[in-house]
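# Just a sequence and a predicted model for now, questions to come.
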Amino acid sequence: GAGVSQSPSNKVTEKGKDVELRCDPISGHTALYWYRQSLGQGLEFLIYFQGNSAPDKSGLPSDRFSAERTGGSVSTLTIQRTQQEDSAVYLCASSLTGTSGFNEQFFGPGTRLTVL
Amino acid sequence: GNSVTQMEGPVTLSEEAFLTINCTYTATGYPSLFWYVQYPGEGLQLLLKATKADDKGSNKGFEATYRKETTSFHLEKGSVQVSDSAVYFCALSDTQPGNQFYFGTGTSLTVIP
């Protein structure tokens, strides 16, 4: 079946502009995660959605970052007034359930964001 | 809190050499442990996992044993190949509701012929 998909694959924007990144998780996966991977860095957790529960936003680096998940499926990560330090690869992952530690996360290919 | 500390790279090995990438963790509960791999130009994918102490995860010739006494989950392979060149991430998932994953910083491996 289809894996996690993300769009766009690449996004170049100017400083100060808003951007939206999209994630389509695997069908039936209730948990969805956003991470940021900066050059030479590990994975930085941003936000986590589990079913209809309130999302865990503890990883969002500033109030310029927000995310939604509509209908328990597609998610959009929005970055307002982008800064050059926002340049990174943004990864989305989904898993079957968020209530157990045993479930593998499946990652999308990422969106490479470049802020000029 | 939960965290993962991973051996820093980059690591360069000759083909058929033995590989060890160290990973230690700190966890408040009883986590599951994972190794993810990111091949050049590709997304992260699960390499192996272990869900309880003394479990050994294995896949594609790679192995890692969940050592609770040393809080470690070191990745090993007896004979690496050029195709193993990738970035390897150690991760843990707490069994508390939320399934939050904590990733190490990644170790870049280059295998030369």
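Arrived safely, thanks for sending. Numbering: from 1, shown residues only, chains lettered A, B, ... in the order given.

# Output the lowest mean pLDDT helix or strand found in chain B.
In chain B, no helix or strand scores lower on mean pLDDT, DSSP states H and E than strand B:101-103, which sits at a mean of 86.

# Touching it from outside, list them.
Strand B:101-103 is contacted by residues A:33, A:35, A:42-43, A:45, A:93, A:105, B:2-4, B:25, B:34, B:36, B:89-94 when judged by Cβ atoms under 8 Å, 6 or more residues apart in numbering or on different chains. Using the backbone N, CA and C atoms, a C-beta is placed for each residue, glycine as well.

# Filter these down to the buried ones, ChimeraX style.
Buried residues within the contacts of strand B:101-103, by 16 or more other Cβ atoms under 10 Å in any protein chain shown, are selected in ChimeraX with:
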select /A:33,35,42,43,45,93,105 /B:2,4,25,34,36,89,90,91,92,93,94
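
# Out of the contacts of strand B:101-103, list just those in strands.
Mapping those onto strands (DSSP state E) picks out A:33, A:35, A:43, A:45, A:93, B:3-4, B:25, B:34, B:36, B:89-93.

# pLDDT below threshold where in chain A?
In the predicted model, chain A carries pLDDT under 70 at residues A:1, A:40, A:98-102.

# Apply 80 and report the result again.
Where chain A drops to pLDDT under 80, the residues are A:1-2, A:39-42, A:52, A:72, A:97-104.

# For the spatially most central residue of chain A, which non-adjacent residue is spatially closest?
Of all residues in chain A, the one closest to the mean position by Cα atoms, centre = their mean is A:Trp34, 2.9 Å from it. The shortest distance from A:Trp34 to any non-neighbouring residue, by Cβ to Cβ, 6 or more residues apart in numbering or on different chains, is to A:Leu46 (4.2 Å).

# quick one, what contacts the one you found?
Going by Cβ under 8 Å, 6+ apart, A:Leu46 touches A:33-36, A:59-61, A:65, A:67, A:77, A:90.

# Check the gap between it and B:Leu75 for me.
For A:Leu46, the distance to B:Leu75 equals 26 Å [Cβ to Cβ, to the nearest Å].

# can you check A:Val4 too?
According to Cβ to Cβ, A:Val4 stands 24 Å off from B:Leu75.

# Please apply the same query to A:Pro8.
Relative to B:Leu75, A:Pro8 is positioned 33 Å away (Cβ to Cβ).

# So if I had to pick from those two, which one is more boxed in?
Taking other Cβ atoms under 10 Å in any protein chain shown, A:Pro8 and B:Leu75 do not tie; B:Leu75 has more neighbours (24 against 13).

# circling back: just checking: what are the partner strands of the least confident helix or strand of chain B?
If you go by DSSP bridges, strand B:101-103 pairs up with strand B:86-93 (antiparallel).

# contacting residues around the strand it pairs with?
Contacting residues not belonging to strand B:86-93 are listed as A:42-43, A:101-103, B:2, B:4, B:6, B:21, B:23, B:25, B:27, B:31-40, B:44, B:47, B:73, B:75, B:99-104, B:106-109 [Cβ under 8 Å, 6+ apart].

# rerun that using 7 Å as the cut-off
With contact meaning Cβ atoms under 7 Å, 6 or more residues apart in numbering or on different chains, strand B:86-93 is reached by A:42-43, A:101, B:2, B:4, B:6, B:21, B:23, B:25, B:27, B:31-40, B:44, B:73, B:75, B:99, B:101-104, B:106-109.

# same question for it, mean pLDDT?
Mean per-residue pLDDT for strand B:86-93: 93.

# For it, list the C-alpha coordinates in CSV.
The C-alpha trace of strand B:86-93 is given here as CSV (Å, rounded to 0.1, in the frame of the first residue of the first chain):
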residue,chain,number,x,y,z
ALA,B,86,24.0,5.6,5.3
VAL,B,87,23.1,7.6,8.4
TYR,B,88,22.0,5.5,11.4
PHE,B,89,19.7,6.8,14.1
CYS,B,90,19.1,5.2,17.5
ALA,B,91,15.7,5.9,19.0
LEU,B,92,13.5,5.1,21.9
SER,B,93,9.8,5.1,22.4
